[in-house]
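*Asks:* Pasting the sequence and the predicted coordinates here, then a few questions.
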4 protein chains.
Amino acid sequence: MNDARLERLFTETLRLISEQGFYGTPMSQIAKCTGISIGSIYNQFENKEVLLNELYKKIKIDFANHVFEHLHAHDPIEKQLKDMLTQIFYYYLEHRQALNFIEQYENSPLIRPQTQQDLQPHVQRIVQTFKQGMQEHKIKELPAESLIALCFGAVSSLAKLYVRKAAQQIRPEEIDTLIDAVLSMARADSAGR
Amino acid sequence: MNDARLERLFTETLRLISEQGFYGTPMSQIAKCTGISIGSIYNQFENKEVLLNELYKKIKIDFANHVFEHLHAHDPIEKQLKDMLTQIFYYYLEHRQALNFIEQYENSPLIRPQTQQDLQPHVQRIVQTFKQGMQEHKIKELPAESLIALCFGAVSSLAKLYVRKAAQQIRPEEIDTLIDAVLSMARADSAGR
Amino acid sequence: MNDARLERLFTETLRLISEQGFYGTPMSQIAKCTGISIGSIYNQFENKEVLLNELYKKIKIDFANHVFEHLHAHDPIEKQLKDMLTQIFYYYLEHRQALNFIEQYENSPLIRPQTQQDLQPHVQRIVQTFKQGMQEHKIKELPAESLIALCFGAVSSLAKLYVRKAAQQIRPEEIDTLIDAVLSMARADSAGR
Amino acid sequence: MNDARLERLFTETLRLISEQGFYGTPMSQIAKCTGISIGSIYNQFENKEVLLNELYKKIKIDFANHVFEHLHAHDPIEKQLKDMLTQIFYYYLEHRQALNFIEQYENSPLIRPQTQQDLQPHVQRIVQTFKQGMQEHKIKELPAESLIALCFGAVSSLAKLYVRKAAQQIRPEEIDTLIDAVLSMARADSAGR
DNA sequence: AATGAATGAGGTTTCATTCAT
DNA sequence: GATGAATGAAACCTCATTCAT
């Protein structure tokens, strides 16, 4: 299968599943909407679960790449963190299908520890950035995983809120303030009590 | 259907779905595991979607009730917020099936705006507590909805992390510190920058 | 079960089945619409098939009684036949639910030869009237059963047509002419070729 | 699905339903008896109702085609009508499954006005023949629809009678006389009183 | 490699019937 | 008798997957 077809397969599958869910989206519909025959899809992916898993990995990697593209390794660590969270928020807002798919998938029994392992290298830099911040005493010295969970959980939750209220205008200063708030969870100088 | 059976139906459905997902859990299995015939289930709930919706509402209300039971209206607002987030975290930890069900359901196409409307009264007090905190200048004056999304997103994300690493011992002081971090998102005196 | 309840059971069952068919009408709906519990219905009738069979017999007997009530044994045989067909036509028109039920039932696999046997006495007089007409040489000497089939088939077919076009006004002279036409099938003096 | 399979599907469905009725004939049995998988049937027909509807249309069209094949447009109108009714009678006798299916279907709530509309063109010629007879003053000037209902109702009723008494030998002269009787309903020179 | 008709296990749901109250 | 909650066999239908072309 050539790249264009594969791309169309992923894009359309993402769209359908974000609208209808995993089980509201039969393979036959994916075939019809992409114009790719069911047989060809099964030539490429062993079964539906594998297709979804590959889509998940692709989306997460796209996401990670996007975020890191906008990060400058020589910026002060605080700026890097702020940029990271800001990028994540706006990425989700502009890729709400991806946001929904990720949340569906990560909370479903389809997700396997192995998949998360495979993605480790792609998100390694996030952990590094946080840990570097701790070494520089700019970030609270807490388990990096926990801090990351707090920050990412907060941002994706915020993104989901803004996606739902699609109509309302996004006021960038408000977002900026909210992301500062998120950062205050991590910042070392932030009052712990 | 008497209360005991209904309770068993809800409990067992929650367990099965948190383990196997919505579509990995056929009605026949729910019937077998509860010892309630399929016919009786359909006597009580119009269809599977309605059953899941009612289960969702029940879980959310149980959750809200639990959290509010441990809140003292006359405590200082800061303490109330801290207690709330702490309660939520430990509730999720002890009700990981509920946590997983809620996350599955809220990210699925099954959820309907009407359901969220129906639950409004039960979560009203959360909004009130935040707004009161703003009036007392203890809480940043940001859209309450957004602040709540940040805090709740952070806490549930943290709970999911701890649920996954079930084996590891929970260190209460660490949790306490992390929840303080969450609160620093909301606290007015916290450096916004 | 007292008479009023039994009557209501029959009336309502007839209505439901004429609107929805045998299999579109569950026992539970009959129970709800009559206000008679399912248990009571099963006390009275062994099963659904028996209920329908009893209803069928009741309707056919009501129908036969009505027709014969309007027949005068001392009228000339030709008048009696004409009255009979006319009565049948208007009976069907005013009891379209009965007409539909009968046609459904008689063409379904539910009908049993025994039931038709049981009704024999009630329709005996029809056969007698035709046979008497033959003896008086007013009626073609053909197998009575066949002649009856022709006449009754024609009239019920006509009734079904008029029932369908419910809106249109019935013009009694037109009906009269049409029934005369039906009679011409049977009349001895009618040109056979 | 190729023509042979489709033909087998129709033939076998007709047989089963004429023996067991619509609701005595599950799709699974149709699948087993035809050797066509349930999936393939549903590939071809949206649901059971559509399958039955298509079968009904096919049967009616076959029926109409058969009747018209044996009609000669240049014969005198009286002969055409007689031939038509005779053909109908023998067609039903030899296609008793079709006769039973049609009667079941037309008296069931499954039938839809639209379907009858769709068949209009195929039965148009019947109406034309009757109307032509009226213009030629060979046929009583009554509403064509009503006259047709009378004649067809009589003939199909007669056919049903002969089908039931399958054992008895058919005496063609008797049938001929009976069909003449049916025609006397329509014939202009037939005594109206 | 691409196709899509065919398959049938297994899902959701219905509803005739039972039986304890 | 009357009731109606409970039952579960069996219906309709879906859809992941196969495989001959």
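*Replies:* Right, received. Where do you want to start?
*Asks:* Per the annotation, how does chain A divide into domains?
*Replies:* Chain A breaks down into these structural domains: A:1-44, A:49-186 (assignment by automatic domain parsing).
*Asks:* what about the closest residue to residue A:134 other than its chain neighbours, distance to residue A:130?
*Replies:* Counting by Cβ to Cβ, 6 or more residues apart in numbering or on different chains, residue A:134 lies nearest to residue A:141, which is 5.2 Å off, once chain neighbours are set aside. For every residue, glycine as well, the C-beta is placed using N, CA and C. In this structure, residue A:141 and residue A:130 are 11 Å apart, going by Cβ to Cβ, to the nearest Å.
*Asks:* ditto for residue A:90
*Replies:* Distance check for residue A:90 against residue A:130: by Cβ to Cβ, it reads 20 Å.
*Asks:* And the two? Which one has more around it.
*Replies:* In this view residue A:90 and residue A:130 are compared by other Cβ atoms under 10 Å in any protein chain shown, and residue A:130 has more residues nearby, 23 against 17.
*Asks:* Quick check, the residue in chain A closest to DNA strand E?
*Replies:* Here the residue of chain A nearest DNA strand E is residue A:39; by Cβ to the nearest atom of the strand that distance is 2.1 Å.
*Asks:* okay, now the one residue in chain A that gets nearest to chain D: neighbour count?
*Replies:* For chain A, the residue positioned closest to chain D under Cβ to the nearest Cβ is residue A:28, at a distance of 10.6 Å. Here the number of neighbours of residue A:28 (other Cβ under 10 Å) works out to 9.
*Asks:* can you check residue A:181 too?
*Replies:* Around residue A:181 there are 23 other residues, counting by other Cβ under 10 Å.
*Asks:* That one contacts residue B:185, correct?
*Replies:* Yes - the pair formed by residue A:181 and residue B:185 meets the contact definition of Cβ atoms under 8 Å, at 4.3 Å.
*Asks:* and the gap between the residue of chain A closest to DNA strand E and residue A:29?
*Replies:* For residue A:39 relative to residue A:29 (Cβ to Cβ), the value is 15 Å.
*Asks:* same thing with residue A:17?
*Replies:* Per Cβ to Cβ, residue A:17 is found 10 Å from residue A:29.
*Asks:* Same drill for the two, tell me which one is more crowded.
*Replies:* The neighbour count for residue A:17 versus residue A:29, taken as other Cβ under 10 Å, is higher for residue A:17 (22 against 14).
*Asks:* Mind telling me what element the more buried one is part of?
*Replies:* Following DSSP states H and E, the helix or strand that holds residue A:17 is helix A:3-20.
*Asks:* repeat for residue A:24
*Replies:* Secondary-structure element containing residue A:24, defined by DSSP H and E: none, the residue being outside all helices and strands.
*Asks:* Excluding sequence neighbours, find me the nearest residue to it.
*Replies:* With sequence-adjacent residues excluded and distances taken as Cβ to Cβ, 6+ apart, residue A:24 is closest to residue B:109, at 6.0 Å.
*Asks:* The one you found - how many residues pack around it?
*Replies:* Burial of residue B:109, expressed as a neighbour count using other Cβ under 10 Å, amounts to 16.
*Asks:* And it, what's its pLDDT?
*Replies:* pLDDT, the model's per-residue confidence, is 95 for residue B:109.
*Asks:* For residue A:181 and residue B:185, list the residues in contact with both.
*Replies:* The contact sets of residue A:181 and residue B:185 overlap at B:147, B:150 (Cβ atoms under 8 Å, 6 or more residues apart in numbering or on different chains).
*Asks:* Can you check what pLDDT the model gives residue A:43?
*Replies:* pLDDT, residue A:43: 96.
*Asks:* That one touches residue A:6, doesn't it?
*Replies:* No - with contacts defined as Cβ under 8 Å, residue A:43 does not count as touching residue A:6, sitting 11.3 Å away.
*Asks:* between these two, which one's more packed in?
*Replies:* Set side by side, residue A:43 and residue A:6 show more neighbours around residue A:6, with 15 against 11, by other Cβ under 10 Å.
*Asks:* Might one say that the more buried one is in contact with residue A:44?
*Replies:* Yes - between residue A:6 and residue A:44 a contact is recorded at 7.1 Å, counting by Cβ under 8 Å.
*Asks:* And the helices in chain A, which stretches?
*Replies:* In order along the chain, chain A carries the following helices (DSSP state H): A:3-20, A:27-34, A:38-44, A:48-69, A:77-94, A:96-106, A:113-135, A:144-164, A:172-186.
*Asks:* Just the buried residues of the shortest one, please?
*Replies:* If I follow you right, that is helix A:38-44. Judged by neighbour count (16 or more other Cβ atoms under 10 Å in any protein chain shown), helix A:38-44 contains these buried residues: residue A:41.
*Asks:* Same question for the fourth one.
*Replies:* Within helix A:48-69, the residues that count as buried by 16+ other Cβ under 10 Å are A:48, A:51-56, A:59-60, A:63-64, A:66-68.
*Asks:* cool, and the longest one?
*Replies:* Along helix A:113-135, these residues count as buried under the neighbour rule (16+ other Cβ under 10 Å): A:115, A:122-123, A:125-126, A:129-130, A:133-134.
*Asks:* So what's the residue count around the residue of chain A found nearest chain C?
*Replies:* In chain A, no residue comes nearer to chain C than residue A:24, which is 29.0 Å away by Cβ to the nearest Cβ. Per other Cβ under 10 Å, the neighbour tally for residue A:24 reads 14.
*Asks:* Need the pLDDT of it.
*Replies:* Residue A:24 is assigned 95 on the pLDDT scale.
*Asks:* Hmm, residue B:110 and it touching each other?
*Replies:* No - between residue A:24 and residue B:110 no contact is recorded; they are 9.2 Å apart, counting by Cβ under 8 Å.
*Asks:* Surely the residue of chain A closest to chain D and residue A:38 touch.
*Replies:* Yes - counting by Cβ under 8 Å, residue A:28 sits close enough to residue A:38 to count as a contact (6.4 Å).
*Asks:* Tell me who's in contact with the spatially closest residue to residue A:123 that is not a sequence neighbour.
*Replies:* The shortest distance from residue A:123 to any residue other than its chain neighbours is 5.7 Å, reached at residue A:64 (Cβ to Cβ, 6+ apart). Neighbour list for residue A:64: A:119, A:122-123, A:125-126 [criterion: Cβ under 8 Å, 6+ apart].
*Asks:* Pull up the gap between residue A:64 and DNA strand F, please.
*Replies:* For residue A:64, the distance to DNA strand F under the criterion Cβ to the nearest atom of the strand, to the nearest Å works out to 28 Å.
*Asks:* which residues of chain A score low on pLDDT?
*Replies:* A:166-168, A:190-193 (pLDDT under 70).
*Asks:* Can you get me a residue count around residue A:79?
*Replies:* Using other Cβ under 10 Å, the number of residues around residue A:79 comes to 12.
*Asks:* Please disregard the earlier target; I meant residue A:176.
*Replies:* For residue A:176, the count of nearby residues is 15 (other Cβ under 10 Å).
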